[in-house]
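Trainee: below is the structure, and that's it, no one-letter string:
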């Protein structure tokens, strides 16, 4: 699984990049070939909303749809952890719905 990291107004260190790859690798490994692309976007909202001004957005491309989650925190590592947990559950639900839809429509593709 190839993970693309994009950033805007925030520094992405080697340690943060390794953390992202490790967490997403563990969280999404069970979905294997069903995942097409993964894009992680980091940005700093400069405190416009509140103290939670660091954003981590994760987009996971699947065969027929994509899943997007985001989390904000003052600490990018915490935002990555929260977003990774949520994206794992969201991908599982999306794939389950796809499987149920294919099963109900008589489509033999899983």
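Mentor: In hand now; what should we look at? What you see is a predicted model, and the numbers here were worked out from it, not measured in a lab.

Trainee: in the helix ranked longest in the chain, which residues are buried?
Mentor: Counting residues, the longest helix in the chain under DSSP state H turns out to be helix 76-105. Buried positions in helix 76-105, judged by neighbour count with 16 or more other C-beta atoms under 10 Å: 76, 79-84, 86-88, 90-91, 94-95, 98. C-beta: built from backbone N, CA, C; applies to glycine.

Trainee: okay, residue 105: pLDDT?
Mentor: With respect to pLDDT, residue 105 has a value of 61.

Trainee: what is the burial count for residue 74?
Mentor: 12 (other C-beta atoms under 10 Å).

Trainee: is residue 3 bridged to anything, and to what?
Mentor: On the basis of DSSP bridges, residue 3 takes part in beta bridges with residue 38.

Trainee: and stretch 45-64, what's buried?
Mentor: Quick answer for stretch 45-64 (16+ other C-beta under 10 Å): 53, 54, 55, 56, 57, 58, 59, 60, 62.

Trainee: now do stretch 65-75
Mentor: 67, 69, 70, 71, 72, 73.

Trainee: could you say which helix or strand contains the closest residue in space to residue 60 that isn't next to it in sequence?
Mentor: Closest residue to residue 60 apart from its sequence neighbours, by C-beta to C-beta, 6 or more residues apart in numbering: residue 67 at 4.7 Å. Using DSSP states H and E, residue 67 maps to strand 66-73.

Trainee: equivalent analysis for residue 16, please.
Mentor: helix 14-28.

Trainee: surely residue 4 and residue 39 touch.
Mentor: Yes: between residue 4 and residue 39 there is a contact under C-beta atoms under 8 Å: 4.8 Å.

Trainee: picking up where we left off before, would you turn the buried residues of stretch 65-75 into CSV with distance to residue 19 and pLDDT?
Mentor: Shown next, in CSV, are these (distance: C-beta to C-beta, whole Å; pLDDT from 0 to 100):
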residue, distance to residue 19, pLDDT
67, 20, 95
69, 17, 97
70, 17, 95
71, 14, 96
72, 17, 92
73, 14, 92
